[in-house]
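K.L.:
Need a 3D model of the following:
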Amino acid sequence: MLELTKKQTTGRYAEICIRVPIKQAGKIAEATKSFLRLAGHEVREINDEGEELFSVEEVFPNRHPGKLLRGARVRENLTQAQLADKTGLKPHHISEMENRKRPIGKDVAKRLAEALNMDYRILL
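P.N.:
Next up, the predicted model:
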């Protein structure tokens, strides 16, 4: 059963709460966001404390796996040659991955992540 409540929050906007069955909450939330976007409204996520949430892309617009690989390697105080030795990769392949000239596949990401003490999914 849907239950609508309306509470005025400012002179220009109203807060609308919808109470729905928990099993349908995710679908209804996504449908509502899609509807609002189609109507030309910006939809922002808010956490339980009322703080606006941002996507990784918004916070780190130039993020790419090569930069993350280089940062993790520097954090671990390793050269490209040392990382290559630890992972069984060629040093020039490490360089190409860091410079966006070679993609990082899942198997390679796992080897790199193990050597760099990180989660491999960050490099994908």
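
K.L.:
shouldn't residue 57 be in contact with residue 63?
P.N.:
Yes: in this structure residue 57 lies within contact range of residue 63 using CB atoms under 8 Å: 7.2 Å. (C-beta placed from N, C-alpha, C; glycine too.)

K.L.:
ok, longest helix in the chain?
P.N.:
Ordering each helix of the chain by length in residues (DSSP state H) puts helix 25-38 first.

K.L.:
Walk me through the domains of the protein.
P.N.:
For the chain, automatic domain parsing gives the domain ranges 3-53, 65-123.

K.L.:
Helices of the chain, residue ranges please.
P.N.:
Under DSSP H, the chain gives helices at 25-38, 56-59, 65-75, 80-87, 91-98, 106-116.

K.L.:
what's the closest of the ones you listed to residue 50?
P.N.:
helix 25-38 (17.1 Å; CB to CB).

K.L.:
Which strands or helices does that closest one pack on?
P.N.:
Helices and strands touching helix 25-38, as assessed by 3 or more CB pairs under 8 Å, 6 or more residues apart in numbering; DSSP states H and E, are absent.

K.L.:
and the closest residue to residue 124 other than its chain neighbours, what does it touch?
P.N.:
Among residues not flanking residue 124 along the chain, residue 109 sits closest, at 5.6 Å (CB to CB, 6 or more residues apart in numbering). Each residue near residue 109 by CB atoms under 8 Å, 6 or more residues apart in numbering is listed here: 65, 120, 121, 123, 124.

K.L.:
Please spell out which residues along the longest helix of the chain are buried.
P.N.:
Residues of helix 25-38 include none that count as buried (16 or more other CB atoms under 10 Å).
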